[in-house]
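Asks: Show me how the following folds:
(chains A and B)
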Amino acid sequence: EAAVTQSPRSKVAVTGGKVTLSCHQTNNHDYMYWYRQDTGHGLRLIHYSYVADSTEKGDIPDGYKASRPSQENFSLILELASLSQTAVYFCASTPGNQDTQYFGPGTRLLVL
Amino acid sequence: LAKTTQPPSMEAYEGQEVNVSCSHTNIATSEYIYWYRQVPHQGPQFIIQGYKDYVVNEVASLFISADRKLSTLSLPWVSLRDAAVYYCIVTDKTNAYKVIFGKGTHLHVLP
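Replies: You can find the predicted model right below:
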């Protein structure tokens, strides 16, 4: 069974503070993704990566950075958290050229 | 990338068969149809995928119209655990990062 874990599961941050969300996968997948989900809406792609030490911008990258230090780990960084970044963040992974995504349990971020 | 249209919500009683429709009128020949579902406080989970005709697995079945502009996810004998948001996604296999999740269909299951 594919496994994607995220930490923390929930976090409260202050406006202007730095937030780092972590994702770890044991699937040996090349691709990893970060999405955000706002209440009542679908998922929107923030950043993704298809190889370690390389990241790509998704559909809504502004205000976010990503880091892929190894195949297993993918982080999402909010350098200056803002109220509008309050959301649930999901990490996912996929094998090379397939797009059946395996999602983590999500991180609930509240920015005050 | 083909845009998809689904009903925003549906309601069914436990034990009923549920059919969730998805319209993708601009689907390209290279694109496949995927269905995911998301229960509260969890990430989306893959259900089934198809290209044409009819696909079935242990969880659901998927019917795709001859012109591939409409697909229907069929869930037999739904239970309360099937209450979730169901997403229909159309994507090209060579562009995994272009998976787009819309608002989906919220399935309510009544006891």
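
Asks: Quick one: the strands in chain A, in order.
Replies: In chain A, strands defined by DSSP state E lie at A:4-7, A:10-13, A:19-25, A:31-37, A:43-51, A:54-57, A:65-67, A:73-78, A:87-94, A:102-103, A:107-111, listed in chain order.

Asks: Would you reformat the ones you listed as TSV and include mean pLDDT?
Replies: Converted to TSV, the strands of chain A look like this (pLDDT from 0 to 100):
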stretch	mean pLDDT
strand A:4-7	95
strand A:10-13	97
strand A:19-25	98
strand A:31-37	93
strand A:43-51	91
strand A:54-57	94
strand A:65-67	98
strand A:73-78	98
strand A:87-94	94
strand A:102-103	90
strand A:107-111	97
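
Asks: Tell me which of those strands sits nearest to residue B:102.
Replies: Comparison of the strands of chain A against residue B:102 by C-beta to C-beta identifies strand A:43-51 as nearest, at 9.0 Å. All C-beta spots, glycine's among them, are computed from the backbone N, C-alpha and C.

Asks: Count the residues that sit near residue A:91.
Replies: 26 (other C-beta atoms under 10 Å in any protein chain shown).

Asks: Strands of chain B, start to end?
Replies: Using DSSP E, strands in chain B cover B:9-13, B:18-23, B:31-38, B:45-50, B:54-56, B:61-64, B:70-75, B:84-92, B:105-110.

Asks: Around chain A, pick out the residues from chain B.
Replies: B:34, B:36, B:41-46, B:49, B:87, B:91, B:93-97, B:99-104 (C-beta under 8 Å from any C-beta of the partner chain).

Asks: What's the nearest residue in chain B when you look at chain A?
Replies: Ranked by C-beta to the nearest C-beta, the top residue of chain B for proximity to chain A is residue B:43, at 2.9 Å.

Asks: For the closest residue to that residue other than its chain neighbours, give me its contacts.
Replies: Leaving out its chain neighbours, the residue that sits closest to residue B:43 by C-beta to C-beta, 6 or more residues apart in numbering or on different chains is residue A:103, at 2.9 Å. By C-beta atoms under 8 Å, 6 or more residues apart in numbering or on different chains, the residues touching residue A:103 are A:4, A:90, A:91, A:92, B:42, B:43, B:44, B:45.

Asks: what sits against the fourth one?
Replies: With contact taken as C-beta under 8 Å, 6+ apart, residue A:92 is in contact with A:4, A:32, A:33, A:35, A:101, A:102, A:103, A:104, B:43.

Asks: so does stretch A:81-90 get close to chain B?
Replies: Yes. Counting by C-beta under 8 Å from any C-beta, chain B has neighbours in stretch A:81-90: residue A:90.

Asks: Give me the buried positions along that stretch.
Replies: Judged by neighbour count using 16 or more other C-beta atoms under 10 Å in any protein chain shown, the buried positions of stretch A:81-90 are A:81, A:85, A:86, A:87, A:88, A:89, A:90.
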